[in-house]
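**Q** Okay, structure incoming, though there's no sequence with it:
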Ligand SMILES: NC(=O)c1ccc[n+]([C@@H]2O[C@H](COP(=O)([O-])OP(=O)(O)OC[C@H]3O[C@@H](n4cnc5c(N)ncnc54)[C@H](O)[C@@H]3O)[C@@H](O)[C@H]2O)c1
């Protein structure tokens with residue numbers, strides 16, 4: 001397949017492009033580099049052993065999307081391009097809706113117009129809202145707690161309704177849990193701009209001395225050690241989940257959780273990082289952050305049953321690869 005990967009230079013996109021090349025697919029990356037670097041594309045080519053086509057542009061821009069589809073024979077789309085900071089989305093909701101939702105509308109419309117039958121979308125566990133654990137795909141979704149979450153829910157609905165109206169259009173909604181880690185080469189990984197919102201890049205920057213101390217938000221949650229529990233998944237496992245989703249695409253809408261299926265607390269992750277990498281992580285407790293949930297993790301059995309995919313890499317591998325990437329920067 002010739003796969004259009006929007007946001008292909010980003011954290012999850014870059015690992016997925018490598019996995020696509022390794023699986024024998026061709027890749028067209030569309031990225032505006034708003035949260036990534038151009039040299040990542042060369043690294044993808046190095047790791048994947050083949051070249052990719054790069055289109056620098058904004059996929060929330062109608063003309064860019066039209067030209068992408070007119071100038072490339074695309075068989076499938078993986079739509080990663082999106083803004084992903086929860087606090088930023090609260091401050092700038094319209095920017096988030098324009099970027100994340102408008103891009104989905106334009107790309108879906110272009111697929112229908114050009115007869116592109118496969119669309120894989122980067123959704124998030126955030127669409128479950130505050131729900132019982134483990135999260136299962138068939139659960140009723142709760143109102144998201146941020147504009148970021150609302151853009152994911154809106155995009156899911158737009159794609160589901162489009163698939164229902166267009167015979168042959170295959171939509172796969174992938175609800176990611178918490179991707180961490182990096183490619184074992186250390187060439188690509190998570191390198192967010194500014195102070196990280198996510199735990200793992202925060203830890204690696206503390207380990208490197210770029211930040212002084214880790215802030216652990218909340219130590220009085222009803223969890224075994226009082227800190228928040230999340231479902232961490234190695235980014236290379238997540239990338240492989242996209243290949244499985246593309247290869248099993250079928251008309252209508254399919255929904256899959258991509259997670260490990262088990263919960264790990266903040267302190268357990270810090271302990272694993274220290275043990276595996278032999279580096280101390282100074283930390284202090286801070287008040288809970290509004291909107292953060294005590295604990296959530298996936299029921300990942302549907303993806304295993306229907307896609308033949310499950311997460312293979314454990315927490316030790318995740319923290320090792322994250323640190324290897326940080327030291328390589
Ligand atoms: N990382 C996570 O924890 C996580 C969890 C759940 C869902 N997701 C979703 O997965 C997707 C990828 O996340 P990521 O962690 O790789 O983020 P990322 O910021 O590293 O990658 C996103 C990429 O999209 C590009 N981009 C953004 N808006 C664009 C636009 N309008 N046109 C072209 N390119 C654009 C950015 O430059 C970047 O390269 C996002 O949609 C995100 O919401 C991420």
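**A** Yep, that arrived. Remember, it's a predicted structure, so these values are computed and weren't measured experimentally. Residues are numbered from 1 along each chain as shown.

**Q** Could you list the residues of the stretch 1-150 of the chain in contact with the ligand?
**A** By Cβ under 6 Å from any ligand atom, the part of the stretch 1-150 of the chain that sits against the ligand consists of 6-7, 9-13, 30-36, 58-60, 80-84, 99, 103, 122, 124. C-betas here are computed from N, CA, C, even on glycine.

**Q** Can you tell me which of the residues you listed are buried?
**A** Among those, those scoring as buried are 6-7, 9-13, 30-32, 35-36, 58-60, 80-84, 99, 103, 122, 124 (criterion: 16 or more other Cβ atoms under 10 Å).

**Q** Please compute how far the longest helix along the chain lies from its chain's middle.
**A** In the chain, assigned by DSSP state H, the helix with the most residues is helix 147-165. On the basis of Cα atoms, centre = their mean, to the nearest Å, the separation between the geometric centre of helix 147-165 and that of its chain is 16 Å.

**Q** Now it: buried residues?
**A** Within helix 147-165, the residues that qualify as buried by neighbour count (16+ other Cβ under 10 Å) are 147-156, 158-160, 162-163.

**Q** Pick out the residue of the stretch 151-300 of the chain closest to the ligand.
**A** Taking Cβ to the nearest ligand atom, the ligand has its nearest neighbour within the stretch 151-300 of the chain at residue 176, 3.8 Å off.

**Q** so what's that residue up against?
**A** Contacts of residue 176 were listed using Cβ atoms under 8 Å, 6 or more residues apart in numbering, and they are 12, 122-125, 233, 238, 258-259.

**Q** Likewise for residue 325?
**A** By Cβ under 8 Å, 6+ apart, the contact list for residue 325 reads 182-183, 186-191, 204.

**Q** Can you lay out those residues as TSV showing neighbour count and pLDDT?
**A** As requested, the contacts of residue 325 are exported to TSV (neighbours: other Cβ atoms under 10 Å; pLDDT from 0 to 100):
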residue	neighbour count	pLDDT
182	28	98
183	22	98
186	16	98
187	19	98
188	27	98
189	26	98
190	22	97
191	19	92
204	29	98
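
**Q** Which two of those residues have the greatest separation?
**A** 187 and 204 (15.3 Å; Cβ to Cβ).

**Q** Would you state the strands of the protein in chain order?
**A** Across the chain, reading from the start of the chain, the strands by DSSP state E fall at 2-6, 26-31, 53-56, 76-79, 118-124, 170-176, 178-180, 214-217, 229-230, 232-234, 252-258, 264-265, 283-286.

**Q** Please identify the buried residues of stretch 266-275?
**A** Using 16+ other Cβ under 10 Å as the test for burial, stretch 266-275 gives 266-273.

**Q** Show me what the lowest-mean-pLDDT helix or strand in the chain is packed up against.
**A** Of the helices and strands making up the chain, the lowest-confidence element is helix 86-91, at a mean of 94, by mean pLDDT, DSSP states H and E. The helices and strands touching helix 86-91, judged by 3 or more Cβ pairs under 8 Å, 6 or more residues apart in numbering; DSSP states H and E, are helix 147-165.

**Q** Name the residues that touch the helix it packs on?
**A** By Cβ under 8 Å, 6+ apart, the list of residues contacting helix 147-165 reads 82-86, 88-90, 93, 96-97, 99-101, 104-105, 108, 112, 119, 121, 123-124, 126-127, 129, 141, 144, 169-171, 173, 251-253.
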